[in-house]
Structures are given as C-alpha cells and as structure tokens.
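Undergrad: okay, predicted coordinates and the sequence, questions at the end:
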Amino acid sequence: MNLGLKRKTALITASSKGIGKAVAEAFASEGCNVAICSRTKIDLIEVSEEMREKYDVVPLWCICDLNKSSDIQTTFEAVIKEYGSVDILVNNCGGPVPGYFLELDENDWNHAYEQVLMSVVRFSKLVIPQMVKNKWGRIINITSISVKQPVDNLMLSNSLRAGVTGFAKSLSNEVAKHNITVNNVAPGLTLTNRLYELAVIEAKEKSKSHEEILVEMAKRVPINRLGRPEEIASVALFLASKQASFVTGNTIQVDGGFTKGLF
Ligand code: NAD
C-alpha cells in the first residue's frame, strides 16, 4: 500500500531506543527523511548505523535533552537546515519517574512537566508555522494507556499525559483547517527498557523476580502477551499516512485489549 510518505520529513523525539526507535525505523522503511534525537551520542550513532544497514537511510541525528528548551530549538534548527521542513512530528519522550503521590516531590513534578507536556508544546510550536505554509502536517504524540485507565504507581504519567491529550485535542481543532492532523498513540504494556524497569520495581514490591512479573504482566493483557515496539510504530505510521487524512483529535490505544473501558 502506498502511504504517501516518501520524501516527507519525519522528526521523532526520544528515538534512540524502544518505541521511539521503532517509530523512526517505520518512517525510514517508507522512504521518509528521518531525524532522530535523544541525549546520548553513542546511542544515536548506533541507531543511525543500524538504519543505514536495514533501510539504506541515514537519519539526521541530534543530541537533545527534551527537558531543555534550548536543545529543542537547536534540534529543530538542525532539521530545518538539513531538510527544509518538518512534515511529521512524533513527540515521544522517556517515561516519567514512577511513584505514588506521597513519594514524589516538587522537583519530580517539574521535571515530568517539562519532559512530558512542555516538550510536546515546544516542538509543536516550532513546527506548525511551516506546516501551515505547506498546507500539510502530522503531529503524533506517544502517550500511554494511562490516559484511559490510570496505572498504579505512575502518578506523574497518569496526570501529565492527560494534559498532553487535552493539548492535542485543542490543537487539532485549531489547525485542522490547515490540513494538519494531531493524534495520540497510547501504548499498553510493550516490551522495552521502560517496561523492564517497571517490572524490576514491581518485583521488589512483591518479592518476586522481574522475569515472573513480566510473565504476569503478559497475562494481564487479553491477547496474552506483551506488545512489540513495532506494533506501536505501525499505528503512528498509519496516522501519518494519506489514508488517515480524516483522522484527527484522536487517541488510539494499542494495548492488546488491556484497557477495560469503552472509550
Ligand atoms: P524506553 O525507556 O525504551 O525509551 C525511552 C527513550 O527516550 C530512549 O531513547 C531514551 O534515550 C529517551 N529519553 C529519555 N529521557 C530523555 C530526555 N530527557 N530527552 C531526550 N530523550 C530522552 O521507553 P519506551 O518504552 O520506548 O517508552 C516510550 C514512551 O512510551 C515513554 O514515555 C513511556 O512512558 C511510554 N509508554 C511506554 C509503555 C511501555 O510499556 N513500554 C507503555 C505506555 C507508555
């Protein structure tokens, strides 16, 4: 199927590992110009090399700490210098620190606010003017099933992802007339470093091994297994495609049936 993405420029944030990396690979496989970023140079070089071997695409990579607005600005400028515009922005980020309410202090809240909400706001603000000029754009935020059903021990994610969802819905209403769509992909339990770290924490709480917890997690999913990063990426790819041109303001959960509610 032709997704209409060839030579579009896709910037994927927090993309050296896990879901962000899988999203970057999905866009590379469709012939997009791809820009990746995260905090660690060595990881970015590794991913870049892997993408060259697998897809014959050499992505632009930028060191970017999403908690620093100056890094966001320089990353955006580097992508514009290389490719001229950002057609597709995928806002991914590292998971905010786990914790129950009484365990978290004000620094944790401020850090997570910058990481989860403000990075989306800042990157969106930078890319939208050019998308308006081009009369085409896609903004896709990677959030979490916590927007549908709060997850125990993830107070910061439960609170701030809801902010991203509200932001995305409001923004989608404002920019729809310019042929820019804004949507969210909400992953469920997906096998990445982040899930491994959460499994280690739960293992300590329950005096079990993290392997046992990962098995238990898989059993909580109706499809009876954990998700793969590529399964999240393929939904992001669809939302960017020409086939999804009438889809905006939505959150699509990709969770193997984990979320129990109707909406
Ligand atoms: P991961 O830990 O595997 O990868 C996170 C990526 O973010 C890495 O590339 C890391 O380098 C980068 N990163 C972290 N902090 C950064 C910062 N300050 N600036 C720039 N880059 C930074 O995580 P993942 O599982 O791929 O998760 C991606 C997102 O999806 C997270 O926000 C996570 O909370 C969310 N999510 C994951 C799951 C899951 O089960 N894996 C479920 C729901 C939501």
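TA: Perfect, thanks for sending it.
Undergrad: how far away from the center of its chain is the one helix or strand A24 maps to?
TA: For A24, the host element (DSSP states H and E) is helix 18-29. Here helix 18-29 is found 10 Å from its chain centre; the criterion is CA atoms, centre = their mean, to the nearest Å.
Undergrad: quick one: list the elements packing against it.
TA: strand 9-12, strand 33-38, helix 41-55, strand 88-91, strand 137-142, helix 229-240 (3 or more CB pairs under 8 Å, 6 or more residues apart in numbering; DSSP states H and E). Every C-beta, even on glycine, is put in place using the N, C-alpha and C of the backbone.
Undergrad: distance from the chain centre to the third one, please.
TA: For helix 41-55, the distance from its own C-alpha centre to the chain's C-alpha centre is 19 Å (CA atoms, centre = their mean).
Undergrad: now swap in stretch 224-234 and tell me
TA: 13 Å.
Undergrad: could you pull out the buried residues of it?
TA: L226, G227, P229, E230, E231, I232, A233, S234 (16 or more other CB atoms under 10 Å).
Undergrad: then stretch 145-156?
TA: Residues of stretch 145-156 classed as buried: I145, S146, V147, K148, Q149, P150, V151, L154, M155, L156 (neighbour count, 16+ other CB under 10 Å).
Undergrad: give me phi/psi at the spatially closest residue to L198 that is not a sequence neighbour?
TA: Distances taken as CB to CB, 6 or more residues apart in numbering put P98 closest to L198, at 6.3 Å, once the chain neighbours are dropped. Torsion angles at P98 (phi, psi; degrees, to the nearest 10) stand at phi -70, psi 170.
Undergrad: could you do G84 as well?
TA: Given degrees, to the nearest 10, the pair of backbone angles that G84 has is phi 90, psi -30.
Undergrad: I'd like the average pLDDT over stretch 188-197.
TA: Averaged across stretch 188-197, the pLDDT comes to 97.
Undergrad: contacting residues around that stretch?
TA: The contact list for stretch 188-197 (CB atoms under 8 Å, 6 or more residues apart in numbering) reads 17-19, 94-95, 98, 145, 210, 214, 217-218, 220-221, 226-229, 231-232, 253-256, 258-259.
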